[in-house]
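A.B. asks: Please find the sequence and the predicted model below.
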Amino acid sequence: MTEHEDETAQAADGTPTSSPESPADPGDPGHEHHRGVLSFVRRGTRLQGKQLAAWERLSGHYLVDVPRASAATSVDPEARFDAASAFGRSAPLVVEIGSGLGDAVVAAAAAAPEQDFLALDVYRPGLSDLMRKADTAGAPNIRVIEANAPDVFATMLVPASVDEVWMFFPDPWPKKRHHKRRLVSPEFAALVARVLRPGGRWRLATDWEEYAEQMRETLDQVAEFSAANEGADGWSPRFERRIETGFERKGIAAGRVIRDLTYVRR
């Protein structure tokens, strides 16, 4: 659920005004499908110009076809992701939640061709940009899924099939009345624990101090995880494979501190 660096509107104080996990179309049918609170507000998904051309040219390789339940970003509970079939090999799998415009996952995939990367987002123009960047970077070891992340983690991913989960700069939903929309929760932690292999890592980063503290307080109490936040201040050192994106630079320019967290599946 990375915030869309170039697509997320911000108020004068830097507060995001639309969700990074993805964007805003309150009439999206996904709002009717999910009984729980959605962690994103979906923007329009219409493609045109270069984005449409990239989607038509590259989706055959990068995009995973997802059988739907009743909503545009839902997942049929019977659907399963077969990594060996999707990538044509068996390799360590990294899942990024909220790939945004794709900069972080494309850089990581290009630098680690021995690993496979699955990017999740509900924002189609961002996924189109991601595929175009992956093609330009020569990173064929990426696949993308256009779907709500909790749906993918709840049923589509096979238990203990993932080596790492990355969640960089999820929407902080800064207003207190919106905190229930934050994705990091005991319920979602259980879904992440379900798909991570023993010893697998969940890596998180945020520039929102109060959310970072909530993440740490929440995950420290999840029995399936042990904290690997080796820093003297109780945070993780910056994950060396997480490149600095435009969104992160905006957070730093606004005076916010970047916090990294790491948890290991017991």
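C.D. replies: Perfect, thanks for sending it.

A.B. asks: farthest residue from the center of this structure?
C.D. replies: residue 232 (27.4 Å; C-alpha atoms, centre = their mean).

A.B. asks: would you say that one is within a strand?
C.D. replies: No. With DSSP: H, G, I helix; E, B strand; the rest coil as the criterion, residue 232 is coil rather than part of a strand.

A.B. asks: could you list every residue that touches it?
C.D. replies: Taking C-beta atoms under 8 Å, 6 or more residues apart in numbering, we find residue 232 in contact with no residue. All C-beta spots, glycine's among them, are computed from the backbone N, C-alpha and C.

A.B. asks: Need the phi and psi values for it.
C.D. replies: Main-chain dihedrals, residue 232, degrees, to the nearest 10: phi -60, psi -20.

A.B. asks: can you pull the pLDDT of it?
C.D. replies: With respect to pLDDT, residue 232 scores 83.

A.B. asks: Check the one 4 residues further on too.
C.D. replies: In this prediction, residue 236 carries a pLDDT score of 97.

A.B. asks: That one reaches residue 230, doesn't it?
C.D. replies: Yes. When contacts are counted by C-beta atoms under 8 Å, residue 236 is listed as touching residue 230 (6.5 Å).

A.B. asks: quick one: which of the two has more around it?
C.D. replies: Between residue 236 and residue 230, counted using other C-beta atoms under 10 Å, residue 236 has the larger neighbour count: 19 against 10.

A.B. asks: Next one: the more buried one from residue 48, what distance?
C.D. replies: 40 Å (C-beta to C-beta, to the nearest Å).

A.B. asks: Residue 150 contacts residue 188, correct?
C.D. replies: Yes. Residue 150 sits in contact with residue 188 when judged by C-beta under 8 Å, with a separation of 6.1 Å.

A.B. asks: Before I go, just wanted to say thanks for your time.
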